[in-house]
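In: coords please:
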Amino acid sequence: MGARNCQRSCIHIKSDGGRCRANASTGSPFCFFHDPRQAQARAAARRAGGIQRTRKATTLPVDAPDRPVTNAADIFGLMAKTINEVRHGQLQPKAGYVIGYLASVALKAAEQSALEARLAELEAVVKTQLTDIGLEPGIGTEQFAFEFVNQKVEDSDHEQQR
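Out: Residues are numbered from 1 along each chain as shown. The predicted structure follows:
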């Protein structure tokens, strides 16, 4: 059997009478958490954990200017700046990651907005064309318009083939 299966368990007995199920540390019958010789190391680890928890969150200064994120060029500029700040140690990687994620959400929203604007323009053109040929835009006329445009395209293709 492998060395992993031969690992000894900690001999500490818990308050409920059961044994600790953690692996014993090398050279000790106890795990790190129950070894009396590791008391100082455990205390130092608790202090370090407490210090880490009380550190302020990484944020930009209050007077940092806002950056526009309305189009791909804005977002590209923000990402280039963020990447360089992380690389130079001016911004923690964790903050850079969050900025990257939010920038990708903003980029998707900008793309969606552009698609919606294009659709609105196309709908306006179709409405104008329907009105020009004497049809009232509304339910049912969209299918007619689609068939009408397809017929015009087919007619144009036949003309070009002649």
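In: what's the burial count for Ala24?
Out: For Ala24, the number of neighbouring residues by other C-beta atoms under 10 Å comes to 19. All C-beta atoms are positioned from the backbone trio N, CA, C, and that covers glycine.
In: looking at it, it is touching Cys10, isn't it?
Out: Yes: between Ala24 and Cys10 there is a contact under C-beta atoms under 8 Å: 5.1 Å.
In: list residues touching both of those two?
Out: Common contact partners of Ala24 and Cys10 (C-beta atoms under 8 Å, 6 or more residues apart in numbering): 30-31.
In: can you list the weak-confidence ranges in the protein?
Out: Residues of the chain meeting the criterion pLDDT under 70: 1-6, 50-58, 137-142, 144-145, 162.
In: Report the central residue of it.
Out: Taking C-alpha atoms, centre = their mean, the centroid of the chain lies closest to Tyr101, which sits 3.9 Å from it.
In: mind checking how far it is from Ile75?
Out: In this view, Tyr101 and Ile75 are 12 Å apart by C-beta to C-beta, to the nearest Å.
In: how is this structure carved up into domains?
Out: The chain is divided into the following domains under automatic domain parsing: 3-54, 72-161.
In: Could you report the neighbour count for the residue nearest to Ser28 when sequence neighbours are not counted?
Out: Nearest in space to Ser28, with sequence neighbours left out and distances taken as C-beta to C-beta, 6 or more residues apart in numbering, is Asp35 at 5.1 Å. Neighbours of Asp35 under the rule other C-beta under 10 Å: 18.
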